[in-house]
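Colleague: Sharing a model that was predicted from the sequence below.
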Amino acid sequence: SYSFCTLLALLHFTKMSLSTSAMRAQGAKSFMIPLNQTLVCDENTLLCDVMETLVKLNFIRRRCYIIDEEKRCVGMVGLVTLAKAYHKGLDPKKTPVKDVMKRDFGTVSAEASAEECRASMGRQRIHHLVVTTNGTPQGRMLGALSSWLVAEEQSLMAKSYPHNILARNYQTFWTKASESELHIAGSKL
């Protein structure tokens, strides 16, 4: 026979598991980093402005997504891209991100499951996906996903532990930057 406290704990855990499962059935939109928390700029933003913002954020965001006026992602710039630009001798005070941005990137729709996101990343050998309204680069950007977020989501779906520790630390890691800090000084967005 169970004690009252044990039954109460089991009831709470069951209720929490059911609500988590219902929430997770919403697809990528339930575990992506939304656009307003993603580092974005326009294609004419200078590399020095992107680098300055990344340093100011203590590299919490390791990638900057380049979007157009219609909020479509047209490219991305990561730390590796910035390092390559530096080693090529490009002047960050004169070089816009459009000259060095990665134009081929993976996209997924907001309804895609964690498994579909993982499979897409594996096929393309990438660690980040852009979440768009229709799952193509022509769709409006809604947010972004990393392989860490997908792995966390899959662990939550499998109810494996200790995912709580990873989830809490990762969410804290991602939410340290405010929206105003994510604005790049030289960007027109």
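Modeller: Received it, and whenever you're ready, just let me know what you need.
Colleague: quick one: Thr95 and Leu47 touch, right?
Modeller: Yes. The pair Thr95 and Leu47 qualifies as a contact (CB atoms under 8 Å) at a distance of 4.9 Å. C-betas here are computed from N, CA, C, even on glycine.
Colleague: Quickly list what's touching both of the two.
Modeller: Ala85 (CB atoms under 8 Å, 6 or more residues apart in numbering).
Colleague: neighbour count winner among those two?
Modeller: Applying other CB atoms under 10 Å to Thr95 and Leu47 shows that Leu47 carries more neighbours, namely 25 against 15.
Colleague: May I have the phi/psi pair for that one?
Modeller: phi -60, psi -40 (degrees, to the nearest 10).
Colleague: For Thr81, see how far away it is.
Modeller: Using CB to CB, to the nearest Å, Leu47 is found at 9 Å from Thr81.
Colleague: what are the ranges of the strands in the protein?
Modeller: Counting by DSSP state E, the chain has these strands, from start to end: 33-34, 40-41, 63-67, 73-78, 106-109, 128-132, 141-146.
Colleague: what is in contact with Leu47 and Thr81 at once?
Modeller: Val100.
Colleague: can you count the residues close to Thr81?
Modeller: 19.
Colleague: Just confirm it contacts Met101, I think it does.
Modeller: Yes. Counting by CB under 8 Å, Met101 is a contact partner of Thr81 at 7.0 Å.
Colleague: quick one on the thing from earlier: Glu152 is nearest to which of the strands of the chain?
Modeller: strand 141-146 (9.4 Å; CB to CB).
Colleague: so that closest one versus strand 128-132, what angle?
Modeller: Comparing the axes of strand 141-146 and strand 128-132 via axes from the mean of the first three to the mean of the last three CA atoms, to 10 degrees yields an angle of 160 degrees.
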